[in-house]
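**Q** This is a predicted model, with the sequence first.
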Amino acid sequence: MGYEHTQRGPWYLLLFAVASGCFVGGWVLRHDPPGHYICLGIALLMSVIGLSFMQLTVRDEDDALAIRFGPLPLFFARIPYDKIRLAQSDRTIILDGWGIHYLPGRGTTYNIWGFNCVRVELDKRTIRIGTDDSDNLVAFLKSRIRGGEGEGEV
């Protein structure tokens with residue numbers, strides 16, 4: 001494996017705070033079954049989402065670049081190197097958001113924190129990968145696509 005980088009973001013703390021508040025609400029409403037179950041359900045959902053979006057790991061998997069949120073790996077993507085036409089450092093905008101988002105005209109964004117990213121152009125779509133290690137990711141992608149030639153704007 002030639003590349004692996006994990007970036008952490010603080011958004012999960014907000015989700016855990018909401019989950020904690022809902023757990024407390026569920027305990028307070030323990031004698032009111034509908035309210036109790038609603039609070040506990042929301043707390044469980046926020047906990048799962050928080051565990052799913054604590055970090056973003058980008059790594060080489062020999063034939064593809066893997067993008068995984070975690071540590072609970074519910075959300076992920078794989079980009080085969082032979083489909084990548086261009087890779088360059090870029091910046092996301094506030095509309096791209098954090099998490100996984102699609103915007104017409106801008107493509108799909110996988111981001112955990114910050115605005116630095118690597119824009120990856122495929123044949124018919126664009127993917128932005130948020131990272132605090134964009135220079136190293138671009139250099140790695142240059143070495144992997146087009147047979148390692150690193151031609152053009154890659």
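**A** Cool, the structure landed. Because the structure is a prediction, the values reported are computed rather than measured. Numbering: from 1, shown residues only.
**Q** which outside residues touch the helix or strand hosting residue 118?
**A** Assessed by DSSP states H and E, residue 118 sits inside strand 116-121. The contact list for strand 116-121, computed with CB atoms under 8 Å, 6 or more residues apart in numbering, reads 65, 79, 84-92, 109, 111, 126-132, 134, 137-138, 141. Where C-beta positions appear, they are placed from N, C-alpha and C, glycine not excepted.
**Q** cool, stretch 70-81 as well?
**A** Contacting residues not belonging to stretch 70-81 are listed as 48, 51-57, 61, 63-69, 100, 108, 110, 120, 122, 127, 141, 144-145 [CB under 8 Å, 6+ apart].
**Q** buried subset of those residues?
**A** Buried by 16 or more other CB atoms under 10 Å: 51-57, 64-69, 100, 108, 110, 120, 127, 141, 144-145, out of the contacts of stretch 70-81.
**Q** Of those residues, which belong to helices?
**A** 51, 52, 141, 144 (DSSP state H).
**Q** And the helices in the chain?
**A** Remark: helices assigned in the chain by DSSP H are 11-28, 33-52, 134-144.
**Q** Need the winner for burial among those.
**A** Of all the helices of the chain, helix 134-144 has the most neighbours on average by mean count of other CB atoms under 10 Å, namely a mean of 18.
**Q** For that one, what does the pLDDT average out to?
**A** Helix 134-144 carries an average pLDDT of 94.
**Q** cool, stretch 37-57 as well?
**A** Here the average pLDDT along stretch 37-57 is 96.
**Q** Tell me, what's the model's pLDDT at the residue with the largest distance to the centre of the chain?
**A** In terms of distance from the mean C-alpha position of the chain, residue 31 ranks first, at 39.3 Å (CA atoms, centre = their mean). Among the per-residue scores, residue 31 holds a pLDDT of 94.
**Q** Over to residue 95?
**A** 87.
**Q** Likewise for the one 10 residues further on?
**A** Among the per-residue scores, residue 105 holds a pLDDT of 90.
**Q** what about it, neighbour count?
**A** Neighbour count for residue 105, taken as other CB atoms under 10 Å: 5.
**Q** Enumerate every residue touching it.
**A** Here residue 105 is in contact with no residue (CB under 8 Å, 6+ apart).
**Q** Torsion angles phi and psi at residue 132?
**A** The phi and psi torsions at residue 132 (degrees, to the nearest 10) take the values phi -100, psi 20.
**Q** how close does it get to residue 102?
**A** 23 Å (CB to CB, to the nearest Å).
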